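**Student:** Return atomic coordinates for the entry below.
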Amino acid sequence: MAKLSTELNRYFFEEDRKPEVKLGDILAIAGERTFGFLFVLLALPSALPIPAPGYSTPFGFLIFILAVQFIIGSKQPWFPAQVSNATIKVETARSVLKKGLPWLRRLEKITKPRLVFVCTRLPGRIVVGSTIALMAISMMIIIPGTNTLPAMGIFLTGLGLVEDDGLIALTGTLFSLLVAVLMVSVIVAVIYGGSSLIDLIKELIKG
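**Tutor:** Here you go, the predicted model:
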């Protein structure tokens, strides 16, 4: 099966499209890789160095729904009809992909099937899916600067699932857990005062 970047480039740039496409139509690109594909696609706008505004909360909600289904072992994702029939402007998708495809291609060069059980067996799905769900909740928090890192963790983990690369999926999971620790540290610092983990890191760098 062709790389995800190749499939996305073909669908959005090489073939004629109507001004808008349905989410359900885009799912056809994924084939058997639907969950990983959707994690990557929905996290991409917020994971970019210059994120597109307005995507994090609704896409975080969709990722959370997907993560729960992934954890319980669903073979194919389910969305309410209104979500599957929701449309995305092709030009909007193209503008995001122009920024995101180069990053995706670089990462694809180091992916390969390995530790496949992490992506396919129930224990691996529970660990990976739970971490993605946690990061999806973080994406939904409407606080500036709290969306990009969780989305990057989901993006990396999703890419591992697409390529059956358990090592990449675990790397994304570990990155996500570190992000969770960082965010909890910031929240505690805001509520109770004192230095957050980010402040300490900044002081170490300056020192």
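
**Student:** State the distance from the residue nearest to residue 91 when sequence neighbours are not counted to residue 169.
**Tutor:** Closest residue to residue 91 apart from its sequence neighbours, by CB to CB, 6 or more residues apart in numbering: residue 19 at 7.5 Å. All C-beta spots, glycine's among them, are computed from the backbone N, C-alpha and C. Distance of residue 19 to residue 169, computed by CB to CB, to the nearest Å: 35 Å.

**Student:** Ok, residue 80 next?
**Tutor:** On the measure of CB to CB, residue 80 and residue 169 end up 27 Å apart.

**Student:** Which of the two has more residues huddled nearby?
**Tutor:** Shown here are residue 80 and residue 169; by other CB atoms under 10 Å, residue 169 has more neighbours (29 against 9).

**Student:** any idea how far residue 40 lies from residue 11?
**Tutor:** The gap separating residue 40 from residue 11 is 14 Å, by CB to CB.

**Student:** Tell me who's in contact with residue 23.
**Tutor:** Taking CB atoms under 8 Å, 6 or more residues apart in numbering, we find residue 23 in contact with 79, 83-88.

**Student:** end to end, how far does stretch 109-129 reach?
**Tutor:** 24 Å (CA to CA, to the nearest Å).

**Student:** just use 582 as the starting number from now, easier for me
**Tutor:** I'll keep to 582 as the first residue from here, and by that count the last item is stretch 690-710.

**Student:** tally of neighbours for the residue lying closest to residue 636 once chain neighbours are set aside?
**Tutor:** Leaving aside its sequence neighbours, residue 636 sits nearest to residue 626 (CB to CB, 6+ apart; 4.2 Å). For residue 626, the neighbour count with other CB under 10 Å is 24.

**Student:** export the helix or strand that contains residue 626 as PDB, just CAs?
**Tutor:** Using DSSP states H and E, the element containing residue 626 is helix 615-628. Output of helix 615-628 as PDB, limited to C-alpha atoms (Å, rounded to 0.1, in the frame of the first residue of the first chain):
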ATOM      1  CA  THR A 615      -8.300   4.000   9.200                       C
ATOM      2  CA  PHE A 616      -7.600   4.800  12.900                       C
ATOM      3  CA  GLY A 617      -4.000   5.800  12.400                       C
ATOM      4  CA  PHE A 618      -4.900   7.700   9.300                       C
ATOM      5  CA  LEU A 619      -7.500   9.700  11.100                       C
ATOM      6  CA  PHE A 620      -5.300  10.400  14.100                       C
ATOM      7  CA  VAL A 621      -2.600  11.800  11.700                       C
ATOM      8  CA  LEU A 622      -5.100  13.800   9.600                       C
ATOM      9  CA  LEU A 623      -7.000  15.300  12.500                       C
ATOM     10  CA  ALA A 624      -3.900  16.200  14.500                       C
ATOM     11  CA  LEU A 625      -1.900  17.600  11.600                       C
ATOM     12  CA  PRO A 626      -3.400  21.200  11.600                       C
ATOM     13  CA  SER A 627      -2.600  21.700  15.300                       C
ATOM     14  CA  ALA A 628       0.700  19.900  15.100                       C
END
